[in-house]
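Colleague: Below are the sequence and a predicted model for it; my questions follow.
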Amino acid sequence: MSSGEISLFALDASRDFGERVGAHLGIPLSAHEEREFEDGEHKARPLVNVRGKDVFVIQSIYSDARQSVNDKLCRLLFFIGCLKDAAAARVTAVVPYLGYSRKDRKTQARDPVTTRYVARLFEAVGTDRMLTLDVHNLAAYQNALRCGADHLEANKLFVEYFAPLVRDDAVAIVSPDVGGIKRAEQFRRALSETLGKEISTAFMEKYRSKGVVTGEAIIGDVKGRVVIIIDDLISTGTTMARAAKTCHMLGARKVFAAASHGVFTGAASQVLTEQALEKIVITDTIPPFRLAPDLISDKLIILNAAVLFAQAVQRIHSGGSIVELLEI
């Protein structure tokens, strides 16, 4: 059952994405105000009545030149709190990229579990549901949140892109580390069923210690195949570049990289020029503003996740199934 009439907001930093979601829904973004104060503080408020409404607020949480991860997180939290104070019936935080989701466990003594702390902040301001795409650790995300936790996957978008591209090729799906094997297997199965043929799988060893990544062995056969390396995100690009180079050395015909989120930090523009990488396929949860323009035009393919979020918003509002939405 829906909770009253739907209202869709997008905070300024995610307005482009929000407008595309709204266009797919046939709903204009509701008006709101964001103000900056001289001392660095800020406020946001809806400019329309939200009493009794089913409200969705869109904000991707990543750093850019204007706002840090913390800025965007605080703005979203404060706006949700404001909506609840204004008697919205239900507020869903629509977060295409959820910052801090990688810090989901203790890896050293006295480490923080930041994913859990962020979940508590969303709960504290009265968030009723969260909706995001391909978090780093799904179990940690679902266990951290005590409010509703909906989760989308980009597999459907990747299958739609790659299926016609590799229809006549022998294909191998590669996870760049052991932790991503389940993600790679889900994609392999979906692509295999769509194409009606067997697709092999492989994974690369990877060891990380104090920020240093080592390990170059590939477990599985990639020789003579088109390889798709799949991960949840690309940050510095080092993991993808290493995996692509190794696959190429082992005889792969072509190597593609696919990731739900293009974070692209540090020297990613240089690292991802790796000649073994044919194309880099991401979704539009984060604009690729950190990449060099020539790399974007030569190698980057951006898939439209806004339509997937629009369909999910409609299903949440009407009581439909998110699971059915993700079926391929």
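Modeller: Arrived safely, thanks for sending.
Colleague: just the helices in the stretch 151-300 of the chain please.
Modeller: 155-165, 181-195, 238-249, 268-271, 293-299 (DSSP state H, counting those that start in this stretch).
Colleague: Centroid-wise, who is the farthest residue in this structure?
Modeller: Glu38 (33.2 Å; Cα atoms, centre = their mean).
Colleague: May I have the phi/psi pair for that one?
Modeller: With angles defined as degrees, to the nearest 10, Glu38 sits at phi -60, psi -30.
Colleague: about what we covered before: just the helices of the stretch 151-300 of the chain: most buried one?
Modeller: Neighbour counts (mean count of other Cβ atoms under 10 Å) averaged over each of the helices of the stretch 151-300 of the chain peak at helix 238-249, with a mean of 22. Yep, even glycine has a C-beta here, placed from its N, CA and C like the rest.
Colleague: Packing partners of that one?
Modeller: strand 200-204, strand 212-214, strand 218-219, strand 226-234, strand 254-262 (3 or more Cβ pairs under 8 Å, 6 or more residues apart in numbering; DSSP states H and E).
Colleague: Domains in this structure, by residue range?
Modeller: Domain segmentation of the chain under automatic domain parsing yields 6-153+306-326, 155-303.
Colleague: From Arg15, how far off is Ala86?
Modeller: 21 Å (Cβ to Cβ, to the nearest Å).
Colleague: ok, back up a step: quick one: which of the helices of the stretch 151-300 of the chain is nearest Tyr62?
Modeller: Minimum separation from Tyr62 across those (Cβ to Cβ) falls at helix 268-271, 13.5 Å.
Colleague: who's in contact with that closest one?
Modeller: Here helix 268-271 makes contact (Cβ atoms under 8 Å, 6 or more residues apart in numbering) with 234-238, 241, 290-292, 295.
Colleague: what about burial for these, which qualify?
Modeller: Neighbour counting with 16 or more other Cβ atoms under 10 Å marks 234-238, 241, 290-291, 295 as buried within the contacts of helix 268-271.
Colleague: need the domains of the chain in JSON lines with mean pLDDT, can you?
Modeller: Converted to JSON lines, the domains of the chain look like this (pLDDT from 0 to 100):
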{"stretch": "domain 6-153+306-326", "mean pLDDT": "95"}
{"stretch": "domain 155-303", "mean pLDDT": "92"}
